[in-house]
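**Student:** Quick one: sequence and predicted model below, then my questions.
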Amino acid sequence: MMKVQGNIVDLFARKIFKGEVVIENDKIISIEEKETTSDLYILPGLIDSHVHIESSMLIPSEFSKLAVQNGTVGVVTDPHEIANVMGLEGVKFMIENSKQTPLKTYYCASSCVPATPFETSGAVLTSVEIETLFRDYNLKVLGEMMNYPGVIYDDEEVHKKLNIAKKYGAKIDGHIPGISGKDLIKYVESGISTDHESFTIEEALEKINLGMKILIREGSAAKNFDALFPLISKFNNMVMLCTDDSHPDDLIKYGHINKILKLGIKQNIDIFDLLNATCVNPVLHYNLDIGLLRKNDPADFIIIDNLKDFNILETYINGKVVYSNGRVLFDTQKFNPINNFHAEKIITSQIEISNPENKKIKVIEVIDKELVTNSFSVEPKMINNKIESDIERDILKIVVYNRYQKKSTPQIGFINGFGLNKGAIATSVAHDSHNIIAIGANDEDLCNAINEIIESKGGLCYVHNKDYYCLPLEFAGLMTQEDPAEVAETYSKINKIIQSNGSKLTAPFMTMSFMALLVIPSLKIGDKGLFDVTKFAFTELFD
Ligand SMILES: [Fe+2]
């Protein structure tokens, strides 16, 4: 039996009182008012309602260490990234790997793998695999249905997946940015009950009025809290919090869901409203087995210093202290890496490109902190009849190379706004198919950077002459099992090196990793070529 005393935050009675929580085994057996000298606060543990663990670059067992030290006791996670690389095998790895951590990790069956037919992914999850996941792993959620045209225009396979989820009594997560009216109604009537892609209050309100729950997202890539936080108090039962993507450096520096709570506290949002959205709503909506600090609940809770600074002192999951005073109190076993990586090294001549008709070229224009791009056309810089990266005008060569085949043709484009004036960067984290993507100030470094990623079978790197700075990601080319603090340090160090070599982008790797995401406008590049998202069609490099 264990007893914990302090200011108990009761989210159901909406009151805070001095008292004692008594825990036996994994359950709370009593909560009573009692005088205590402790000024600390005891409250339910935090929940990330939608996250892709792969974005932390850590396998689930290591990610969970960062989660619990930030007061997170549970996550709903869509293993969509590894599913694109390794299919069912990847998803099973994530589920198995999570079993060795106390973090309550609820996997979704990823609904849209691959995300588009316009690039080569490593795997496909059809309705057959979706059914296998629900049947064999007792999953509770069908992951975000990004293929909203498929829902609206009655794609057979899409509806099969929705029906399987319903058959197993699972919730269906949505992803429907910018759609309203009839199409949105059809989407909701198909049984899809959440959305984390609303960018304005108006957009979110239309969805709430149709009965959807809104997940307010504040992650490393997309940040919607400032636009959406008024919903937390106005529609308290209809909102949850999520990060969607959390990079390792952000998790270490700013925290996890506690970071979003601090933003809410700064906005003077009622603390009960905030915690209700964070802790209670996900448990009720997804039917999670996570305690909410009531008698007979699983003993999942956190202890913090006060409700203003919100410093996490201890995290309890199923009655066990898993984090206390700066230390994570559980160990994890090393796993054997799994991967799907077959590309063989390339030579510089494969990324050379000539311009026999002296035409202009189309250029991708990057916007800092945005996933959308602009585009324009220019006369390219020519040396020896070849188009070269032009540092003066910041028009650099960008290459996407298929990682799943031994040999293929590297696809070449040009990009403005990256600002790199020396060396090259490359990575195997390239949404959503995770082929190799690289940008360079010259062909030699560019070729070496691509080959470095091929050599390590995934990761990210900056290369200049003989200087190599690398973070190998040995699990599917997306994640590692190295120490989370070291991973975060290496990741931010490489980003800083890129910035010291001219890039003004806030997060160069993150921005680059979205240049192959062919569903977000306007000009992008995949392993099959330059892609005009506004026309949903491939396009020539030459204008
Ligand atoms: Fe997502």
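**Tutor:** Cool, got the structure.
**Student:** Only C-alpha atoms, please: export the helix ranked longest in the chain in PDB.
**Tutor:** Counting residues, the longest helix found in the chain (DSSP state H) is helix 80-98. Extracted in PDB, the C-alpha atoms of helix 80-98 (Å, rounded to 0.1, in the frame of the first residue of the first chain):
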ATOM      1  CA  HIS A  80       1.600   5.900 -40.000                       C
ATOM      2  CA  GLU A  81       5.300   6.600 -40.700                       C
ATOM      3  CA  ILE A  82       6.700   3.200 -40.100                       C
ATOM      4  CA  ALA A  83       3.700   1.700 -41.700                       C
ATOM      5  CA  ASN A  84       4.600   3.500 -44.900                       C
ATOM      6  CA  VAL A  85       8.100   2.000 -44.700                       C
ATOM      7  CA  MET A  86       7.400  -1.500 -43.400                       C
ATOM      8  CA  GLY A  87       3.700  -2.100 -43.300                       C
ATOM      9  CA  LEU A  88       2.300  -4.600 -40.800                       C
ATOM     10  CA  GLU A  89       5.800  -5.700 -39.700                       C
ATOM     11  CA  GLY A  90       6.600  -2.100 -38.700                       C
ATOM     12  CA  VAL A  91       3.300  -1.700 -36.800                       C
ATOM     13  CA  LYS A  92       3.800  -4.900 -35.000                       C
ATOM     14  CA  PHE A  93       7.300  -3.900 -34.000                       C
ATOM     15  CA  MET A  94       5.900  -0.600 -32.500                       C
ATOM     16  CA  ILE A  95       3.300  -2.500 -30.500                       C
ATOM     17  CA  GLU A  96       5.800  -5.100 -29.200                       C
ATOM     18  CA  ASN A  97       8.400  -2.500 -28.400                       C
ATOM     19  CA  SER A  98       5.800  -0.500 -26.400                       C
END
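**Student:** list the buried ones in that helix?
**Tutor:** For helix 80-98, a neighbour-count test (16 or more other CB atoms under 10 Å) marks 80-88, 90-95, 97-98 as buried. No exception for glycine: its C-beta is placed from N, CA and C like everyone else's.
**Student:** again with stretch 446-466
**Tutor:** Neighbour counts using 16+ other CB under 10 Å place 446-454, 456-464 of stretch 446-466 among the buried residues.
**Student:** same deal with stretch 363-370?
**Tutor:** Neighbour-count burial for stretch 363-370, with 16+ other CB under 10 Å as criterion, is recorded at 363-366.
**Student:** And stretch 351-363, by the same measure?
**Tutor:** Neighbour-count burial for stretch 351-363 [16+ other CB under 10 Å]: 351-353, 355, 361-363.
**Student:** so how far is stretch 180-191 off the chain centroid?
**Tutor:** Mean-position distance between stretch 180-191 and its chain equals 25 Å (CA atoms, centre = their mean, to the nearest Å).
**Student:** now do stretch 432-450
**Tutor:** Averaging C-alpha positions (CA atoms, centre = their mean) puts stretch 432-450 22 Å from its chain's average.
**Student:** Quick one: mean pLDDT for it?
**Tutor:** In this model, stretch 432-450 has a mean pLDDT of 98.
**Student:** repeat for stretch 104-123
**Tutor:** Mean predicted confidence for stretch 104-123 is 95.
**Student:** same thing with stretch 72-80?
**Tutor:** 98.
**Student:** Tell me who's in contact with G417.
**Tutor:** By CB atoms under 8 Å, 6 or more residues apart in numbering, the residues touching G417 are 365-368, 394, 505.
**Student:** So which of these sit within strands?
**Tutor:** Judged by DSSP state E, strands contain the following of the contacts of G417: 365-366.
**Student:** List just the nearest of the contacts of G417 to F63.
**Tutor:** L505 (24.8 Å; CB to CB).
**Student:** I figured that closest one hits L420, correct?
**Tutor:** No - with contact defined as CB atoms under 8 Å, L505 does not count as touching L420 (9.2 Å).
**Student:** In terms of neighbours, single out the busier of those two.
**Tutor:** Shown here are L505 and L420; by other CB atoms under 10 Å, L420 has more neighbours (26 against 20).
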